[in-house]
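Enquirer: Take this sequence and fold it.
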Amino acid sequence: MQTVDDIKPCYPLFREEDYKVSLKNKQDLFEERHSPEKVQEVFLWTTTQEYQDLNFKREALTVDPAKACQPLGAVLCALGFEKTLPYVHGSQGCVSYFRTYFNRHFKEPICCVSDSMTEDAAVFGGQKNMFDGLENAKAIYKPEMIAVSTTCMAEVIGDDLNAFINNAKKEGFVPDEFPVPFAHTPSFVGSHVTGWDNMFEGIMRSFTLNTMADKAPGKNGKLNFVPGFETYLGNFRVIKRMMAEMGVDATLLSDPTEVLDTPADGEFRMYAGGTTGRDQGCAERHQHLPAAALPARQDQEAGREHLEPRGAQAQHPDGVDWTDEFLMKVSELTGKPIPESLATERGRLVDLMSDSHAWLHGKKFALYGDPDFVMGMVKILFECGAEPTHVVSHNGTKRWLKAMEKMLAESPFGANAKAYTGLDLWHLRSLCFTDKPDFLIGNSYGKFIQRDTLHKGKAFEVPLIRIGFPLFDRHHLHRQTTVGYEGAMQVVTTLVNAVLERLDQETMGMATTDYNFDLVR
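Expert: You can find the predicted model right below:
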């Protein structure tokens, strides 16, 4: 029993005898489970090549997808614009999922509303929900823009957002001049990356439609950066810092850093920071220097036709080489020199990589995540002499796969690697048993692969290095950065210390392995 003087957290509490008995009774009376021997037998079978061959033949079933759905990305995109309220046309449960998903990652309250479609809306359509929802959201939460996306229910029944929003304005539920950009974001296709891009396109269209005829190219002399689905807040900040050091006037088209990292000073901020309406207007076609699209590797082109046609593609700044290319492209577009401060930062990164190279060289890493993320991680691994083995992007396209395979083929460190699209984490679990890497890089869901590999025996364990999204079971990692010279330093620091931590675990045996339990690594 719990007592006031001895409050136990969940883990030790549920190992007490009363709880163990209660759990056993539940299992015996209600679960009709197999014997522990049978469970272990089946578990061991799932670690074999025979099972992997069957596993890879799956077509109609996904187990633990390494992606999220479109509206989640649309919500993140909307949060990055000034005084903008994300609004999801669909059921309440979906919006609760989006809010809690981001809340668990950012440890911040997430403002997002729903028009709560239920059974009657599924039959008759959700226009009435849209009328009431837009009117109430504007009156109660006082945004300066409402960005509307959809869920499965609205898409399956074919609700037309453009018509609904126009009708809401005609009927006076919201003023005609009030901006209500929208995006159709069906959850059953694409991923959170697609949803971000679709919402970005909707917002850009809203601010550029019918306003481009008299604009001249390069008029405002600014660069626009399109960050894409990005959850490392430090990445936004490091881009802004590098541009400030170069003296470049630049805008991040969607910047959620402030609203997702507000201070605890007694003031609630429903809206904080974000790309301003003025900056959105500066993104109009023929009014700015070509857009240096930060997520140059992502597969979607949504929204770019509403910027400078075929704007300049800056290399995504991952690692040494690609950050070099990124900064040189910015310098080429703006005529601004790369300052000594960034050259010094680059030298520190090279020094750091030299210090850690001996520990990372030859280590094997499996990794998973979004297409741009895993490609950037592979680049950094190559620069450290590490070897990727299984590169999984569930939401990668054929174009990404071709680019990834080319990148692996061009490096000696990629000789034994294979890239996959459409695979989930249950596929990756099989690969970690049949072709074991030294480490796994990815989001929090990979901890179950680490647990399962450890269950087979310590020699089979594949430790997880948490880099990516979402990161639910560790705190404050979302404030870090993975891009630029600064981000590469943080990534390499994380990787090499994971290697050293593992080495300490393996050499901690008293009078057995501790001859290599060294103080200096």
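Enquirer: from here on, contacts and neighbour counts on C-alpha atoms
Expert: Will do.
Enquirer: In the chain, what helix or strand scores lowest on average pLDDT?
Expert: helix 277-281 (a mean of 63; mean pLDDT, DSSP states H and E).
Enquirer: next helix or strand past that one?
Expert: Toward the C-terminus, helix 277-281 is succeeded by helix 319-334 as the next helix or strand (DSSP states H and E).
Enquirer: What residues of that following helix count as buried?
Expert: For helix 319-334, the neighbour count (16 or more other CA atoms under 10 Å) marks 319-320, 322-331, 333-334 as buried.
Enquirer: outside of stretch 418-428, which residues touch it?
Expert: 52, 55-56, 62-66, 389-398, 401, 404-405, 408, 446 (CA atoms under 8 Å, 6 or more residues apart in numbering).
Enquirer: go with 7 Å
Expert: 55-56, 62-66, 389-397, 401, 404-405 (CA atoms under 7 Å, 6 or more residues apart in numbering).
Enquirer: Pull up the distance across that stretch, start to finish.
Expert: End-to-end span of stretch 418-428 (CA to CA, to the nearest Å): 12 Å.
Enquirer: so how far is that stretch from its chain's centroid?
Expert: Taking CA atoms, centre = their mean, to the nearest Å, one finds stretch 418-428 lying 17 Å from the centre of the chain it belongs to.
Enquirer: got it, and stretch 401-416?
Expert: 23 Å.
Enquirer: Just the CA trace of it, in CSV.
Expert: Extracted as CSV, the C-alpha positions of stretch 401-416 are listed here (Å, rounded to 0.1, in the frame of the first residue of the first chain):
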residue,chain,number,x,y,z
LEU,A,401,15.4,6.1,-52.7
LYS,A,402,17.3,6.7,-55.9
ALA,A,403,19.2,9.7,-54.4
MET,A,404,20.0,7.7,-51.2
GLU,A,405,21.3,4.7,-53.1
LYS,A,406,23.5,7.0,-55.2
MET,A,407,24.9,8.6,-52.1
LEU,A,408,25.6,5.2,-50.5
ALA,A,409,27.3,3.9,-53.7
GLU,A,410,29.6,7.0,-53.8
SER,A,411,31.2,6.4,-50.4
PRO,A,412,33.3,3.4,-49.3
PHE,A,413,31.5,3.6,-46.0
GLY,A,414,28.2,2.9,-47.7
ALA,A,415,29.4,-0.3,-49.4
ASN,A,416,27.4,-2.6,-47.1
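Enquirer: Report the buried residues of it.
Expert: Buried residues in stretch 401-416 (16+ other CA under 10 Å): L401, M404, E405, L408, F413, G414.
Enquirer: Does A409 touch N416 like I think?
Expert: No. If you go by CA atoms under 7 Å, A409 and N416 don't touch, sitting 9.2 Å apart.
Enquirer: Sitting in helices, which of the buried residues of stretch 401-416 do you find?
Expert: Among the buried residues of stretch 401-416, DSSP state H puts L401, M404, E405, L408 in helices.
Enquirer: and the longest helix for the chain?
Expert: Looking only at the chain and at elements set by DSSP H, the helix with the highest residue count is helix 484-506.
Enquirer: what's that one packed up against?
Expert: helix 319-334, helix 340-360 (3 or more CA pairs under 7 Å, 6 or more residues apart in numbering; DSSP states H and E).
Enquirer: Make CSV out of those helices and add distance to T276 and mean pLDDT.
Expert: Compiled in CSV, the helices and strands packed on helix 484-506 are given as follows (distance: least, CA to CA, whole Å; pLDDT from 0 to 100):
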stretch, distance to T276, mean pLDDT
helix 319-334, 22, 95
helix 340-360, 28, 98
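Enquirer: Which parts of the stretch 1-150 of the chain are strands?
Expert: 84-89, 113-114, 145-150 (DSSP state E, counting those that start in this stretch).
Enquirer: Looking at those strands, which is nearest to T275?
Expert: strand 84-89 (9.7 Å; CA to CA).
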